[in-house]
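[1] got a predicted structure here, sequence first:
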Amino acid sequence: MQKSLPLNDQVPHVPVGPGNMTWLVTPGSTSARFQAALGSGAHVVLLDLEDSVPADAKADAREAVLAFAGARARSAVGPLLGVRINAAHSAEGLRDVVSMADTGLWPDLVVVPKVESGRDIAAVVRAVRRAGSAAKVWALIESPRGVLALPGIVRTPGLAGVLFGAADYAAAAGCRLTSRAMWHPRSQLVTAAAAAKLPAVDSPYFFLDDQDGLRQDALEAVELGFAGKVAVHPRQLKAIAQAFTPSLHDVEEARAVLAAAAGADGAITTAGGAMVGPPLIETARTVARRARHTQSTANNVSSQVS
């Protein structure tokens, strides 16, 4: 288990956004679980109207999810609430967006699945803006075509972030759902998101009884540059939160770099025997931001699921 170090006021505060969070996805057809998901310790609770909902249950799930989103909008505490709609180019996806616009019941985040073009995102962004909603629109990339189209997708005005869907990608690419097979699309996603200054959130780990595999997968997500990761069950949250919490060593190195930079007054200096310049300073700030943000998450999740 990684240890974390509380950061004091000497470490500069860098604002964080919803990309630096632990996400928990919950089927939209299981309304009895919605409230429990809010208390899980996740930063984002994502109610799903797409793959986890059978075709004959879509309408009922939509009604339940939007009613919950409306009630949730009246509360200023707790995690953000997201809704994964159906594909934007599908009839069910259109019904999802029209229902949100007609009722005015918008979640904090709208996740658009099966994105393979900026047009998929632009249509939802227009609907959100026309309704005067503050909902943020995220793109779920889960196919080889989507990965190849990333340079255009991430430049879509109004896009707030991107997520990766490994299971659908593996099915479409005809590859296995393994770490080695997923490194290329995951790297492509992080690279495109970073170029557009957007957060990227990693795919769930689907093997619920494999905690070691989950920890390794989450650490790989951190190594690749993801800002967060999706869980498919509350018992996965603790391992994910711990993986995204910088280690004691990482925090101490970041503190040394930032202290050296502050004393150098803009000049190149050294810390711990390494040169300190703008790239290392920015990396140290990222570690400081993540440590501030995720330490409380790890503690909160531990109390909820341990």
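    All right, it came through fine.
[2] the helix or strand hosting residue 81 pairs with which strands, and in what direction?
    Assigning secondary structure by DSSP states H and E places residue 81 in strand 80-84. According to DSSP bridges, strand 80-84 has the following sheet partners: strand 44-48 (parallel), strand 109-112 (parallel).
[3] distance between the shortest one and the chain's centre?
    Spelled out, it's strand 109-112. Chain-centre distance of strand 109-112: 11 Å, with C-alpha atoms, centre = their mean, to the nearest Å.
[4] count the neighbours of the nearest residue to residue 291 once chain neighbours are set aside for me.
    Leaving aside its sequence neighbours, residue 291 sits nearest to residue 246 (C-beta to C-beta, 6 or more residues apart in numbering; 4.6 Å). All C-beta atoms are positioned from the backbone trio N, CA, C, and that covers glycine. Residues near residue 246, counting by other C-beta atoms under 10 Å, number 25.
[5] and for the strand holding residue 81, what's in contact with it?
    18, 21, 23, 25, 28, 38, 43-50, 65-66, 68-69, 72, 96, 107-111, 113, 138, 140 (C-beta atoms under 8 Å, 6 or more residues apart in numbering).
[6] would you map the strands across the protein?
    Ranges of strands in the chain, per DSSP state E, are 22-27, 44-48, 80-84, 109-112, 136-141, 159-164, 200-202, 228-231, 269-271, 274-276.
[7] and these as CSV, adding distance to residue 221 and mean pLDDT?
    What follows is these, written out as CSV (distance: least, C-beta to C-beta, whole Å; pLDDT from 0 to 100):
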stretch, distance to residue 221, mean pLDDT
strand 22-27, 11, 96
strand 44-48, 15, 96
strand 80-84, 18, 95
strand 109-112, 18, 97
strand 136-141, 15, 97
strand 159-164, 9, 97
strand 200-202, 4, 97
strand 228-231, 5, 96
strand 269-271, 27, 59
strand 274-276, 25, 61
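[8] tell me how far stretch 180-191 lies from the chain's centre.
    For stretch 180-191 - counting by C-alpha atoms, centre = their mean - the centre lies 15 Å from the chain centre.
[9] buried residues of that stretch, list them for me.
    Going by neighbour count (16 or more other C-beta atoms under 10 Å), the buried part of stretch 180-191 is 182, 185, 186, 188, 189, 190, 191.
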